[in-house]
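In: This is the structure alone, sequence omitted:
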């Protein structure tokens, strides 16, 4: 089947000349104003340009009507038509029919005819390149223009005339006044001086020779001398920068001169002024001098100019930007101040790049008239281009870089994309000076006249050729240096590499460009070279003009799109991967190219300008086989996710189905028994797995087939859980790159670099270090990608690895045939291998990580599950509502483990594990208690599960809960039951004896009444154990206080009215409580403790015992601190106190006999004590006061708190007064004070004494 014929050449549809001319699309202002017809013939007037012309004419009108000089920058990039614009404006102001006759300009002409008609303007075009000074070009240009237009008019006084007058004065002295005057032009009666005879006289000559510059007589003398004695004196002035007066004065002079010639305004068209200054930016003295003059275009220092001077200054860059790039320090500040001053006074008329698409369509890309259907064919080709992938079209359109072009603009400039044009404008503005955008586009079309076909786009990389071969120089010295570095890098390194890569010569490329016939194989290599060459050149453009939107943050995807069609792939989008591989390869070879990471990494080219190879040459000894092995291992370990250590053995941790596992890793040469002995193949852990990783190169003629052979031999003698990972061998080229990486890696380690770069100066050393750092990064990325090929994780490229070996995984156990996941990362491959290994070993292991998040089952998760299992088991329905926060945990663990089913909101426990264990126990004849060791073993029957220990213990704990078994260890019950993580193989599970239903119910009722302890209704072993433990704890807690209360009650039974033999009352209840607590605290088992509580004799309701127990400590303390002697005292009082004493004691005994629930003893005891003290005080005071009634003594009763039987206060303490006591009775007084203090423990007492007699 024949291949489809190629599309026709584009030159058949648009006119593409065979060669370009220097004059193509280049308009010289001075020439164009003389030929308005030619200027207007090809001029394209867009709506935006009409607005620009309106701005320019409006500026002139404001200057004329306001009688003030004006200036405007005509700002636009190369190719925006600044010179052409000024030429058309010139024609409009002159009223040229070629301009006024253009239909597009008709509205503009009509608008401005109101003020233009009847006014006459002197239009002076200037080309500033090669000017000696502004005065020389502006003022001298005016003189030349006026001489051409008005040959008989006097010459304006813009020259420096001192030398002229000195020469004339010398001549006058030599020949005398008469002869001198005769040689001067005469005057008649009609001249302005009104003289009919010869004008000049000796007196007037003296006045003129001595006059100032501005003196009219001096000006006339200079003019007459130039037409007589000194003809041609200023013929060379136009080349003399010092031959003219100052620009300020000169502008005033030419304004006066133009007015005298009948003009209403002077219009200056200054082309290339900014470019002229930019060319001399390195001569700071010159630039400083000329920049100071710019503001003179809008203001004068002398007087008001007779007619306004309007200046249009073409520029493509703001001079302030160039100053900032090229000048520093105080000079920059001075320049910037001046330029900012000028910028504030100048208008700006901006010729936008948006005009370019329409101009290009009409002047450059117009369909041929002699080819029928050419326009339709081009339109169809463009429509086909719009059907490329969206991201490609967006890049071509420039929407991903902010150019904002639309599809109509793209259609206008086809086969140039908007991104191409945007880059063309920005790059040409920085890197070339003379050629317009249209001219560069024409050059590109001419260069590809014989190869560019309909349907193809002009790749961005082709722009570098026309920029670099045009002979132009960049604007700034910095860019010049960078451009030279770029050319040198391309010519000496990048291009030679590409030629050798594709085995091509310059002759082959020249023949291809001429469209000559070549062998098919050569054509393919030329096409591949051209695609790579365009990518390289795009990187060079980005390095030279990094601010260009389309060149910013270049990636493989954007490089491919910007050079659409240069790199092709049979798979849609596959060209991006190809470009990525190329970039990775180049970054590893050339330190100047830097590439990031990711599927579509950012790539850049840095113009270093330092010979890093000279540094590498001093470090070649770092490249050896050991270094390469360690480097490969380090890279592998990093990609596998294994912590690096300088050892050939490691353990890889991974999470498999939600459980933590480890795989032993060994790095070495599988083929070589000296490197890995036979006994090193089995894993150290007999239950684990070992993965042996070989390296992708070997000695001599050995290869991966030899490694495979040894594994096969070993598998006949041993069958350990071991897998060998054997890579394909790297190509020589990649091994050399590995060696280079080993050198750079070692070179950049610590301070080693400085010793190898001593021959470089500090700046070059810094750049070389940065370049090598970038190259190491690129080589690392590339080597990692090549290793993926070698180890079978990516498609093999013959340039990277030796083809023919694909048996990368060799297992020593025949039960496993591992497979590699194609396209996976090393870490994913390791997880896949681990899954295959462990799945073969533990096929029944539940999957606790179905989403492959790598989340292991942790102990807190296990505890959450066990808690809900217990709650479900202890519920009558076997189900429990699960909080939202725990539902996923239950669903992830309980469901696959077979503990139950987590529904939407409720968990339902299931009994399959209980059935399984009962079945296994019956099969093995096991009855009664079950050993945990056996249960753990039964978990892996009939198919191994290999559960994580805490998960297996969860199963054991669940079984214990479901079957109501208790944990025992070394013969004793373990309470509380051990949680997962603490269950050992030494534990056994027993079915525990439970209390009877009656005892269980009675004990629960009594526990609630006595201790406030409540328990679930279910009579289960765990709850029984918990209940028994709680009861024992309560017994131990209250036992001591209860016994103490009993002893105190027995000790004070006389005053409390207690009959120790009585079966009821306070003492009997206290004794029953103490006995119960003792029995609870000493119970040996939970069941025994519960039964003791249920069957205990309580001497009354449980509530009375509970109150006795709870208040025992308080009551016992009150009994211990009571003043029992006072009761003995009041019991012996006679009348009138005996009745009251009997009442106090009777009340105390009444309360003492009753139990605490009936009457609280503590407040009764306190009241009794208070009443006893009061009674004692009254009785004591009356007996000890024989002198009562003496008129000079005060019988003051001590203050007493009178408290009635009810416990309320009967009155407040009375104030104590002075009491006189004989020395013999001092003891009695002190006793009274003590009694008072006892009755008022909170009172503050002041005691004073003095000798009365």
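Out: All right, it came through fine. Owing to the predicted nature of the structure, the values given are computational and were not obtained by experimental measurement.
In: What helix or strand is the residue lying closest to residue 201 once chain neighbours are set aside located in?
Out: Closest residue to residue 201 in three dimensions, ignoring its sequence neighbours and counting by C-beta to C-beta, 6 or more residues apart in numbering: residue 181, at 7.3 Å. For glycine as for every other residue, the C-beta is placed from the backbone atoms N, C-alpha and C. Secondary structure from DSSP states H and E places residue 181 in helix 177-182.
In: now do residue 50
Out: helix 47-66.
In: Look at the closest residue to residue 280 other than its chain neighbours and say how many residues are nearby.
Out: Excluding its sequence neighbours, the residue lying closest to residue 280 (C-beta to C-beta, 6+ apart) is residue 286, at 5.3 Å. Neighbour count for residue 286, taken as other C-beta atoms under 10 Å: 15.
In: If you average pLDDT per helix and strand, which one of the protein comes out bottom?
Out: helix 319-326 (a mean of 48; mean pLDDT, DSSP states H and E).
In: still on that earlier bit, dump the residue contacts of the residue nearest to residue 201.
Out: Going by C-beta atoms under 8 Å, 6 or more residues apart in numbering, residue 181 touches 198, 200-202, 205.
In: Please produce a ChimeraX select command covering the buried subset of those residues.
Out: In ChimeraX, this line selects whichever of the contacts of residue 181 come out buried by 16 or more other C-beta atoms under 10 Å:
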select :200,205
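In: what's the neighbour count on residue 863?
Out: Residue 863 has 16 nearby residues by other C-beta under 10 Å.
In: Setting aside sequence neighbours, what's the nearest residue to it?
Out: Closest to residue 863 by C-beta to C-beta, 6+ apart is residue 979, at 6.5 Å.
In: and what of residue 490?
Out: residue 540 (6.2 Å).
In: Quick check, pLDDT for the one you found.
Out: Listed pLDDT for residue 540 reads 92.
In: How about residue 665?
Out: For residue 665, pLDDT reads 96.
In: Quick check: it touching residue 643?
Out: No: using C-beta atoms under 8 Å, residue 665 is not in contact with residue 643, being 10.8 Å away.
In: Counting neighbours around each, name which of these two comes out higher.
Out: residue 665 (22 against 10).
In: Identify the residues contacting the more buried one.
Out: 640, 642, 649-652, 690-693.
In: Report the distance from the helix or strand it falls within to the chain centre.
Out: Using DSSP H and E, residue 665 sits in strand 659-667. Here strand 659-667 is found 33 Å from its chain centre; the criterion is C-alpha atoms, centre = their mean, to the nearest Å.
In: In terms of helix, strand or coil, where does residue 267 fall?
Out: strand (DSSP: H, G, I helix; E, B strand; the rest coil).
In: Start at 54, not 1
Out: In the new count, where the first residue is 54, that last one comes out as residue 320.
In: residues near it, how many?
Out: 24.
In: residue contacts, it?
Out: Counting by C-beta under 8 Å, 6+ apart, residue 320 has contacts 113, 143, 146, 174-177, 363-365.
In: how about stretch 724-736: buried residues?
Out: Quick answer for stretch 724-736 (16+ other C-beta under 10 Å): 724-725, 729, 733-736.
In: same question but for stretch 755-772, I mixed them up
Out: In stretch 755-772, the ones that count as buried by 16+ other C-beta under 10 Å are 756-757, 760-761, 763-764, 767-768.
In: per-residue pLDDT, residue 530?
Out: 64.
In: which other residues reach stretch 992-1005?
Out: 712-713, 891, 894-899, 901, 909-910, 912, 915, 946, 950, 973, 989, 1008, 1033-1034.
In: Of those residues, which count as buried by neighbour count?
Out: Neighbour counting with 16+ other C-beta under 10 Å marks 712, 891, 894-895, 898-899, 901, 909-910, 915, 946, 950, 973, 989, 1008, 1033 as buried within the contacts of stretch 992-1005.
In: In strands, which of the residues you listed fall?
Out: Members of those lying in strands (criterion: DSSP state E): residue 712.
In: per-residue confidence at residue 690?
Out: Looking at residue 690, the pLDDT reads 95.
In: tally of neighbours for it?
Out: Residues near residue 690, counting by other C-beta under 10 Å: 19.
In: Test my guess that residue 512 contacts residue 612.
Out: No: between residue 512 and residue 612 there is no contact under C-beta under 8 Å: 10.1 Å.
In: Okay, and the residue lying closest to residue 1095 once chain neighbours are set aside sits in which element?
Out: Excluding the flanking residues, the one nearest residue 1095 by C-beta to C-beta, 6+ apart is residue 1127, at 4.0 Å. Using DSSP H and E, residue 1127 sits within helix 1119-1134.
In: quick one: average pLDDT of the very next helix or strand once past that helix?
Out: Tracing the chain past helix 1119-1134, the next element assigned as helix or strand by DSSP H and E is helix 1139-1148. Helix 1139-1148 carries an average pLDDT of 84.
In: and if you look at stretch 604-615?
Out: On average, stretch 604-615 scores 90.
In: Quick one: distance of that stretch to the chain centre.
Out: Distance, centroid of stretch 604-615 to centroid of chain: 21 Å (C-alpha atoms, centre = their mean).
In: can you list the residues that contact that stretch?
Out: Against stretch 604-615 from outside (C-beta under 8 Å, 6+ apart): 444-445, 448-449, 453-454, 470, 472-473, 476, 512-514, 588, 591-592, 594-595, 598-599, 603, 619-620, 628-633, 636, 653-657.
In: Are any of these buried, and if so which?
Out: Looks like the contacts of stretch 604-615 have 444-445, 448-449, 453-454, 470, 472-473, 476, 512-514, 588, 591-592, 594-595, 598, 603, 619-620, 628-633, 636, 653-654, 656-657 buried, using 16+ other C-beta under 10 Å.
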